[in-house]
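Asks: Show me how the following folds:
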Amino acid sequence: LVLFLLGVMEGLQIALVELKRQEPESYKNSHPKAYKLGQYAMKGDNVERFLMGRQVFVVCCVFFAAKLTTIHGNSESGFLFYVPDWVQALFLETGLLACVVVVILAQLMPQIVASLYPTQFLELMVMSPAYWACIILETSGVTHICWVLA
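Replies: Residues are numbered from 1 along each chain as shown. Model (predicted):
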């Protein structure tokens with residue numbers, strides 16, 4: 001679930017950026033959800049608000065994924081099979097192996113798909129709620145210090 005949510009957030013950002021390159025009238029009738037979401041996202045400072053909320057959401061998902069995927073096997077009986085100490089220390093306890101899996105599956109793959117098919121990506125049923133979750137997170141005030149610093 002964490003990887004899915006991370007993928008949605010990563011792909012949503014790329015799809016909205018790619019949507020700016022397209023003429024809205026070209027997908028208005030064929031992809032109405034993408035058109036509606038794109039039109040709202042491009043009004044005022046909604047893109048900046050979305051990006052700030054999205055960043056907080058992504059950081060939380062990445063930290064949660066790191067906690068879930070880091071393995072601490074202190075004893076030899078902790079694994080189903082023998083794992084050398086150096087493999088355990090380098091790949092499992094540091095989370096390096098999980099990091100590679102998370103980056104490929106939950107970040108790069110959705111970004112590539114969204115860049116190739118932005119309107120189709122935004123038509124997925126989870127995109128609108130994900131967009132609004134980012135806007136609500138930004139509206140909550142968690143990211144408001146960024147406006148002062150900018």
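
Asks: low pLDDT regions in this structure?
Replies: Within the chain, the segments meeting pLDDT under 70 span 72-80.

Asks: what's the helix ranked longest in it packed up against?
Replies: As assigned by DSSP state H, the longest helix anywhere in the chain is helix 46-69. Helix 46-69 sits against helix 2-19, helix 32-41, helix 96-102, helix 127-139, with contacts defined as 3 or more Cβ pairs under 8 Å, 6 or more residues apart in numbering; DSSP states H and E. To be clear about C-beta, it is placed using only N, CA and C from the backbone, and glycine gets the same treatment.

Asks: Give the buried residues for the last one.
Replies: When neighbours are counted by 16 or more other Cβ atoms under 10 Å, the buried residues of helix 127-139 are found to be 127-128, 130-131, 133-135, 137-138.

Asks: before we move on, what about the longest one?
Replies: Within helix 2-19, the residues that qualify as buried by neighbour count (16+ other Cβ under 10 Å) are 2-3, 5-16, 18-19.

Asks: So for residue 64, which of the helices and strands packed on helix 46-69 sits nearest?
Replies: Across these, residue 64 has its closest neighbour in helix 2-19 (5.3 Å, Cβ to Cβ).
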